[in-house]
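Novice: I'll drop the sequence and a predicted model, then ask my questions.
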Amino acid sequence: MTQESKVHEQHSSGVISFARQKVYDPVQRLLHWWIALGTVLLGITGLVANAMEPGAERSYLWSFHIAIGQVFVAGVVLRLLWGLVGPHHARWRSFWQMQSWVKIVKQPFAIPSADGPWGHHSHAALSYLGFYVLACTMAATGVLLASILHGTGPLGERLLDQFAWESVFRFIHEYGIWAVVGFVATHIGAIIFHERMDKIPIAQSMVSGFQYRSRREPSTHAEKSVKN
């Protein structure tokens, strides 16, 4: 069972008492940053290499892109497995919040506070599931393209120069990166928005593993808390 602790922060209207709980385990946090770093590096190297003229430098960058992609695929596979065997908040069933999603459909413009139950925010959980579907799609098409165009990976010998489906895989992969860019921008923007709106530290949770929930106390009680 996770334990809840309290910290206090002085505020103009008194003190905000934060409840703190360990939510994200070390493996989940490691895989989060593994996939995040891989996503950024793959996006940069892919877009830059695609814009370069043919030559040795472009070939080297594509080789680097493929190597990063292999590490990225390993991270995605490990995260999928950890979602089956890891702690509660790492498991895929913790992302499934159908009742909250029904409310989203009924009230599409309502913005639920991040200062709610422990675990994944209902909007965020839905977007994370979408991201992992996208990540699996990008990983699969990336492996297939690397095999067809470069003869690398587990399918390299079998698929090298098999161009029948190459244009389809390329289309999905190249447009998929823009969907990833959109997700990353929305994800960062949502963190900034909720930190300002809900006045709770959110960004640090995938570093420390802790989530915070605020409990505003009256000024008289707050003064005693600060003195003590």
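Specialist: That came through, no problem.
Novice: which residues does His32 contact?
Specialist: Applying Cβ atoms under 8 Å, 6 or more residues apart in numbering to His32 gives the contacts 24, 206. C-beta coordinates here come from the backbone N, C-alpha and C atoms, glycine included.
Novice: What strand or helix carries the residue lying closest to Phe183 once chain neighbours are set aside?
Specialist: With sequence-adjacent residues excluded and distances taken as Cβ to Cβ, 6 or more residues apart in numbering, Phe183 is closest to Phe131, at 5.2 Å. Here Phe131 sits within helix 122-150, counting by DSSP states H and E.
Novice: Show me what the mean pLDDT comes to for that helix.
Specialist: The average of the pLDDT scores along helix 122-150 is 89.
Novice: what's around the residue nearest to Phe183, how many residues?
Specialist: Neighbour count for Phe131, taken as other Cβ atoms under 10 Å: 19.
Novice: returning to what we had before: of all the residues in the helix holding Phe131, which ones are buried?
Specialist: Within helix 122-150, the residues scored as buried using 16 or more other Cβ atoms under 10 Å are 122-128, 131-132, 134-135, 138-139, 141-149.
Novice: circling back: and the residue nearest to Phe183, how far from Arg79?
Specialist: 11 Å (Cβ to Cβ, to the nearest Å).
Novice: Phe163 too?
Specialist: 32 Å.
Novice: just checking, what's the longest helix in this protein?
Specialist: helix 166-198 (DSSP state H).
Novice: other SSEs contacting that helix?
Specialist: Using 3 or more Cβ pairs under 8 Å, 6 or more residues apart in numbering; DSSP states H and E as the contact test, the elements touching helix 166-198 are helix 26-51, helix 122-150.
Novice: okay, the angle between the first one and helix 122-150?
Specialist: Right, the one you point to is helix 26-51. Using axes from the mean of the first three to the mean of the last three Cα atoms, to 10 degrees, the direction of helix 26-51 lies 50 degrees away from that of helix 122-150.
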